[in-house]
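> here is a sequence with its predicted model. Questions after.
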Amino acid sequence: MLLTSALAKKRVLLQTILFLILFCVSLSSAVIAAPPLEQQKQGSDIRVLIDVSGSMKKNDPKNLRLPALRLLVGLLPHNASAAVWTFGTSATPIVPLGLANEKWKKNAQLASKKIHSRDLFTNIGLALDAAVADWGKKPSKLNQRSIILLTDGMIDIGKDDVKNTQERGRLLKQMLPEIQKTGANIHTIALSKNADHAFLKELSTKTDGGFEQTDSAEQLERIFLRLFEKTTQPDTVPLVDNKFLIDESILELTLLVFKPQNARPTEVIEPDNKKYKQKNAPSYVKWQSEKNYDLITISKPKQGEWSINAQTDPDNRVLVVTNLQIQTNRMPNNLFLGENLNVALFMTDDNNKITDDNFLQFISMSAVQKESLTDIGSLVDQEPENDISPSASKEKIKKRWFLHDNGLRGDIAAHDGLFNVQISKTLKIGKNQFTFQASTETLQREINHSVMVQDIKLLSTRVEQQQKENKNVHQILVSPNIEFINPRKIKMTASLIAGDKLQDDDAGETINFQQANPKVLEWSYESDSLDPDNDYHIIIHMQTNTRTGRPIDYTSQAIQLNLPTFDNLLLQPEQMAEEIPQEEELIEEVIEENIKETEEPDWLMGIIIALVVNIILGVAGFFGYRKWKNAREQAYDEMTGELE
């Protein structure tokens, strides 16, 4: 009996050693682990679908779909693949799929004249079928797939309203999930207040695409510019007061200059003060002039400061072809309220990330959030400035962050070539516009990106009462919104806050939710210590993926718990305290019993003591390091600060 007890004790001690070793490994991995970087795909595969139904005669009387398409075609990089269809009763390919080289662009410019407004119906389903026909059922590893869908109406496949409604349901319930499997983003444009906005928003939101709505076809060219930036993330240089800097690595530049009505002709001024307009442009300049914009492409541009003589416009762009680029991780077009925007900026040379400190120490990286003046209402009633196009959207800087590759202030790791920032507090419901910039004395790059923050409820909660094992138990149940969330990869924790300590960051108790039954999409937490007479709130933290595979790191707002009272209390709290021994007392009793059973010396105990001491020292050192790092970051903040 004594021998058996001694062996059992050794077994317990060995299990304890294994647990401590695993604990050390998990602690170190938790400290070291960083979220993986999902880079932007290098190629683009873009399918454009343009409505040619009869209602376009009213909503686009000047046929501005033509110059808008020509703008998109002219901006496409040579490594992009694209195709164009018109649709009404059927879907008609007007530009076959191909690389956007000079030959393809010339054919597409000519094919834009085939856009009309004579068809009887609006069969969006046939258009989507044609666009995705060769994509299969898996995402592309090389190209980001995008669909740009422009329509002014609703699904209209015939005169039978019942069949139209059934077709709408088929597209959302059957076809949309199949498109999601391809990894494609659907960017939708509603060119009328009478368009089916709910349908178009659902197509875009569930595929992480952009949604644009306008009642004026005059805005189409600017909308196509924004969608071009979403689908290709082009390389640009900043244009400030109509001036921009060109460095020796730039092989080609393209100027997009929007023109208000009766504007003077655009003039380009090179670094050596050489000036020209469209009529006297040199042979190395390709000049496409439309009513509302000029698109000017210049090969082998001179190094130095350039300028343009034209009215300023926030939508004017300087796009460049270069091997020295600023890139970002793959950023979403949509976020849910409660998510953070995690940004990683880095420089590349021939698409290889630059990590050389000798180069990066001279780079200044920043993130700028802008907001429309019409959103904040500061200048709504003022007259437009004389040097700004009246149709342009006016913006101001809302917030600027300076980024550093030093492991501080949100940067994940020092000297890894990645400049990280996490944006959360400045995000608002609706469109959020960002510009990411890199600059030295001789080099400037920037990327423009907009994010739509959606006010969509991702979680629902409820509380139930149960009686288990002679205990009164409250069960907190959480259900995810599986229209947007993949339920297979959910990790869920929460902060449980009692009483009036909601504003105290350290007042909450961390609790873990578990999925008790894999067949039931509910995550639960049980407690027998919650008092129905007290107020409780939970703040839920969920890590998962969207239905399209995008990672989500979501934190809910504070949710008030309405705890039901127990009709038949099994035990009063005082009785439970008397009848249930304390856990510490049970542990002490087990240890004392093991000691009494044998006085045989145990070398394993020495190992355990050594491990415990090392763990305590390691944890103390870790938290000491964190305290030192936080103090260092605070001092760093005082020196640099965030520029408001």
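Sure, I can see it.

> and residue 549, which of the three is it?
For residue 549, the assignment made with DSSP: H, G, I helix; E, B strand; the rest coil gives coil.

> how near is it to residue 262?
Using CB to CB, to the nearest Å, one gets 49 Å for the distance from residue 549 to residue 262. The C-beta positions use only the backbone N, C-alpha and C, and glycine is treated the same way.

> more neighbours: the two, which one.
Shown here are residue 549 and residue 262; by other CB atoms under 10 Å, residue 549 has more neighbours (14 against 5).

> list the contacts of that one.
139, 183, 486 (CB atoms under 8 Å, 6 or more residues apart in numbering).

> quick one: residues contacting residue 152.
Contacts of residue 152 by CB under 8 Å, 6+ apart are 51, 53, 55-56, 59-60, 190-192, 194-195.

> phi, psi of residue 265?
Torsion angles at residue 265 (phi, psi; degrees, to the nearest 10) stand at phi -60, psi 140.

> pull the contacting residues for it.
By CB under 8 Å, 6+ apart, the contact set of residue 265 is 277-279.

> got those as JSON lines, with distance to residue 101 and pLDDT columns?
Shown next, in JSON lines, are the contacts of residue 265 (distance: CB to CB, whole Å; pLDDT from 0 to 100):
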{"residue": "277", "distance to residue 101": "28", "pLDDT": "97"}
{"residue": "278", "distance to residue 101": "24", "pLDDT": "97"}
{"residue": "279", "distance to residue 101": "28", "pLDDT": "96"}
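
> tell me which of the residues you listed is nearest to residue 112?
Among these, residue 278 lies closest to residue 112 (CB to CB), at 20.1 Å.

> which SSE is the residue nearest to the closest one when sequence neighbours are not counted in?
Using CB to CB, 6 or more residues apart in numbering and skipping residues adjacent in sequence, the residue nearest residue 278 is residue 287, 4.7 Å away. Here residue 287, judged by DSSP states H and E, is contained in strand 285-289.

> so which other helices or strands are in contact with that strand?
strand 293-299 (3 or more CB pairs under 8 Å, 6 or more residues apart in numbering; DSSP states H and E).

> state the distance from residue 495 to residue 560.
With CB to CB as the criterion, residue 495 and residue 560 are 14 Å apart.

> neighbour count for the two, which is higher?
With other CB under 10 Å as the criterion, residue 495 and residue 560 differ in neighbour count, and residue 495 comes out ahead with 18 against 11.

> columns distance to residue 345, neighbour count and pLDDT on top of the contacts of residue 549, output as TSV?
As requested, the contacts of residue 549 are exported to TSV (distance: CB to CB, whole Å; neighbours: other CB atoms under 10 Å; pLDDT from 0 to 100):
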residue	distance to residue 345	neighbour count	pLDDT
139	24	18	93
183	24	19	94
486	28	16	90
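
> buried stuff in stretch 470-484?
By 16 or more other CB atoms under 10 Å, the buried positions in stretch 470-484 come out as 472-478, 480, 484.

> of these, which belong to strands?
Using DSSP state E, the subset of these located in strands is 472-478, 480.

> show me which pair in these is furthest apart.
Farthest-apart pair in those is 472 and 480; separation 27.8 Å (CB to CB).

> among the contacts of residue 152, which has the minimum pLDDT value?
Sorting these by pLDDT puts residue 194 at the bottom of the list (90).

> which residue packs closest to residue 127, ignoring adjacent ones?
Nearest residue to residue 127, sequence neighbours excluded (CB to CB, 6+ apart): residue 87, at 3.8 Å.

> which residues in the stretch 401-550 of the chain form strands?
Counting by DSSP state E, counting those that start in this stretch, the stretch 401-550 of the chain has strands at residues 419-423, 430-439, 444-454, 459-468, 471-480, 485-498, 509-512, 523-527, 536-546.

> the second one pairs with which strands, parallel or anti?
It stands for strand 430-439. When sheet partners are counted by DSSP bridges, strand 430-439 sits next to strand 364-372 (antiparallel), strand 444-454 (antiparallel).

> buried stuff in that strand?
Of all the residues in strand 430-439, those buried under the rule 16+ other CB under 10 Å are 431-439.

> low-confidence regions, the stretch 451-600 of the chain specifically.
Scanning the stretch 451-600 of the chain for pLDDT under 70 picks out 504-507, 567-600.

> would you mind telling me which of the strands of the stretch 401-550 of the chain is nearest residue 271?
Shortest separation from residue 271 across these is recorded for strand 444-454, at 14.2 Å, computed as CB to CB.

> so for the closest one, what gets flagged as buried?
By neighbour count with 16+ other CB under 10 Å, strand 444-454 contains the buried residues 444-449, 451-454.

> likewise stretch 511-530?
511, 513, 522-528, 530.

> coming back round to it: tell me the one of the ones in strands among the buried residues of stretch 470-484 nearest residue 273?
Using CB to CB, residue 480 comes nearest to residue 273 of those, at 62.1 Å.

> so what's residue 487 up against?
480, 521, 544.

> ugh, wrong one, residue 530
Each residue near residue 530 by CB under 8 Å, 6+ apart is listed here: 474, 536, 563.

> circling back: could the buried residues of stretch 470-484 be laid out in JSON lines, adding distance to residue 353?
Below are these laid out as JSON lines (distance: CB to CB, whole Å):
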{"residue": "472", "distance to residue 353": "57"}
{"residue": "473", "distance to residue 353": "52"}
{"residue": "474", "distance to residue 353": "50"}
{"residue": "475", "distance to residue 353": "48"}
{"residue": "476", "distance to residue 353": "44"}
{"residue": "477", "distance to residue 353": "44"}
{"residue": "478", "distance to residue 353": "39"}
{"residue": "480", "distance to residue 353": "35"}
{"residue": "484", "distance to residue 353": "32"}
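
> how about the contacts of residue 487 in JSON lines, adding distance to residue 220?
JSON lines is the format used below for these (distance: CB to CB, whole Å):
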{"residue": "480", "distance to residue 220": "38"}
{"residue": "521", "distance to residue 220": "42"}
{"residue": "544", "distance to residue 220": "37"}
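
> about what we covered before: would you list the buried residues of strand 444-454 in CSV and tack on distance to residue 367?
Output for the buried residues of strand 444-454, formatted as CSV (distance: CB to CB, whole Å):
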residue, distance to residue 367
444, 15
445, 13
446, 10
447, 10
448, 12
449, 10
451, 12
452, 18
453, 16
454, 21
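
> alright, that wraps it up for me.
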